[in-house]
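> using only what follows, build the 3D model:
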Amino acid sequence: MKFKKIGDFLVKAVSSVFFIGYLPFVPGTFGSLAGVGIFCLLRNTAEITYFLFTLGVVVLGLITSGRMGKLLGKSDPSCVVIDEVAGMLVALSYLPVNFKVIFLAFLIFRILDTLKPFPAGRLEHLPGSVGILADDLIAGIYTHIVLLLILNLNILI
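Numbers count the residues shown, from 1 in each chain. So this is what the prediction gives:
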């Protein structure tokens, strides 16, 4: 029984990104900021390291977020913010590291995560971890595409 409690604690810690998700207001925004912070920490690493780290976050999200939903009896608990971290890491993948890019990525990601453009809104209703992560990964992909267009057209940056 003790291992189950330790396992549940680890699920809570990882899925909430070490309890950031338990902040009393806008936990998704703070989860996104945690993703920006992790991006900044990884900015000088090799591309493969960044890719593998991002993949690891997605895998941890798949392992923990659905379990957390079951523990709380909710399909997408607001305290689960590992999905926002994964989405931000995808959004910022292989982009130049400067304040404007990071700020725009954060802003665009938060807007798209809220609006849930197709197919994010539909994927969000998938059961368990896949549904929890899918909409944020789509928002991250869309954010990345928008930023690539902005960078290639030299708009705002």
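> any buried residues in stretch 148-156, and which?
150-151 (16 or more other Cβ atoms under 10 Å). Using the backbone N, CA and C atoms, a C-beta is placed for each residue, glycine as well.
> not counting its neighbours along the chain, what's nearest Leu89?
Take Leu89 and drop its neighbours on the chain: the residue closest to it by Cβ to Cβ, 6 or more residues apart in numbering is Thr54, 4.3 Å away.
> tell me where the protein has helices.
Using DSSP state H, the helices of the chain run over 2-15, 27-42, 47-72, 82-91, 99-115, 120-123, 128-152.
> how about the contacts made by Arg67?
Residues counted as contacts of Arg67 (Cβ atoms under 8 Å, 6 or more residues apart in numbering) are 11, 15, 129.
> flag the shaky bits of this structure, pLDDT-wise.
1-3, 156-157 (pLDDT under 70).
> could you rerun that using 90?
Counting by pLDDT under 90, the chain shows low-confidence ranges at 1-8, 24, 43-44, 72-77, 95-98, 116-117, 119-128, 151-157.
> closest to the centroid, which residue in it?
Glu84 (2.4 Å; Cα atoms, centre = their mean).
> so what's that one up against?
So Glu84 contacts 28, 31-32, 34-35, 113, 136 (Cβ under 8 Å, 6+ apart).
> try it again with 10 Å
Shown in contact with Glu84 (Cβ atoms under 10 Å, 6 or more residues apart in numbering): 17, 20-21, 27-35, 61, 109-110, 113, 133, 136, 139-140.
> report the separation between Asp76 and Leu133.
Separation of Asp76 from Leu133 (Cβ to Cβ, to the nearest Å): 10 Å.
> who has more neighbours, those two?
Higher neighbour count among Asp76 and Leu133: Leu133, with 27 against 18, using other Cβ atoms under 10 Å.
> thought Val81 was touching the more buried one, still the case?
No. Counting by Cβ atoms under 10 Å, Leu133 does not reach Val81; the two are 11.2 Å apart.
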